[in-house]
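Participant: I would like the atomic coordinates for the input below:
(one chain, ligands or ions: 1)
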Amino acid sequence: MTIYFYKVWQPYGCFSNFSPHPIEIQGTYWPTVEHYYQAQKFVGSEEAIIIPSIHAAATPEEAAALGRCGTRKLRYDWEMVKTDVMRAAVLKKFITHTDIQEILLVTGDEVLVENSPTDYFWGCGADKTGQNHLGKILMSVREEIRQLVRG
Ligand SMILES: Nc1nc(O)c(N)c(N[C@@H]2O[C@H](COP(=O)(O)O)[C@@H](O)[C@H]2O)n1
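Facilitator: Okay, the predicted model is just below:
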């Protein structure tokens with residue numbers, strides 16, 4: 001059975017990058033994966049001045065709105081690095097928070113799908129044909145943590 005998730009308040013909401021699970025990466029604490037991911041779009045770019053505002057955003061929705069502002073230029077290599085950036089953040093989230101790690105592990109080998117009606121890259125999109133990269137990352141993180149737990 002495929003497990004669909006999207007909004008934080010829906011079933012499996014802890015799989016959303018908007019869930020309130022802080023992560024620490026290279027000595028900096030980020031309130032959510034979404035805060036971290038949106039900020040990384042500008043690392044080393046001429047728009048890097050926006051990073052502290054994204055970090056301080058009161059909600060992941062606000063962080064996403066800042067990062068998605070169409071007039072800001074993203075770092076030149078963003079398309080090449082964005083899935084690695086996301087995977088590192090999602091792995092950190094599920095290693096740090098053992099309560100949701102358990103929820104992830106209990107999904108066994110089920111297919112996980114971000115049921116975004118608009119996102120055909122991270123999610124499956126409105127017609128379910130999207131690439132579902134977030135779901136794929138979660139499944140690969142699940143496998144990596146399984147190996148770590150088994151030792
Ligand atoms: N708008 C929105 N609301 C949510 O609750 C979501 N989980 C998402 N999806 C996330 O949006 C991020 C992609 O952002 P960019 O389009 O690359 O700026 C990614 O974290 C998705 O999982 N969207």
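
Participant: which bits of the protein sit near the ligand?
Facilitator: 6-7, 16-18, 34, 37, 64, 67-68, 114, 116, 119, 122, 134 (Cβ under 6 Å from any ligand atom). For glycine as for every other residue, the C-beta is placed from the backbone atoms N, C-alpha and C.

Participant: put the buried members of those into a PyMOL selection.
Facilitator: To isolate the buried members of the residues of the chain next to the ligand in PyMOL, using 16 or more other Cβ atoms under 10 Å:
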select buried, resi 6+16+17+18+34+37+64+67+114+116+119+122+134
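
Participant: can you tell me which of the residues of the chain next to the ligand end up in helices?
Facilitator: When helices are assigned by DSSP state H, the members of the residues of the chain next to the ligand inside them are 34, 37, 64, 67, 134.

Participant: verify the stated contact: residue 105 with residue 142.
Facilitator: Yes: proximity of residue 105 to residue 142 meets the contact threshold set by Cβ atoms under 8 Å, at 6.6 Å.

Participant: neighbour count winner among those two?
Facilitator: When residue 105 and residue 142 are compared for neighbours, residue 142 comes out ahead with 19 against 14, by other Cβ atoms under 10 Å.

Participant: test my guess that that one contacts residue 102.
Facilitator: No: the pair residue 142 and residue 102 fails to qualify as a contact (Cβ under 8 Å) at a distance of 11.3 Å.

Participant: run a quick neighbour tally on residue 78.
Facilitator: By the measure other Cβ under 10 Å, the count of residues near residue 78 is 15.

Participant: tell me the contacts of residue 82?
Facilitator: Taking Cβ atoms under 8 Å, 6 or more residues apart in numbering, we find residue 82 in contact with 37, 40, 41.

Participant: OK, contacts around the last one?
Facilitator: Read that as residue 41. 67, 74, 75, 78, 82.

Participant: please redo it, this time with the cut-off set to 10 Å
Facilitator: Remark: with contacts taken as Cβ atoms under 10 Å, 6 or more residues apart in numbering, residue 41 is in contact with 47-48, 50-51, 54, 66-69, 72-75, 78, 81-82, 85.
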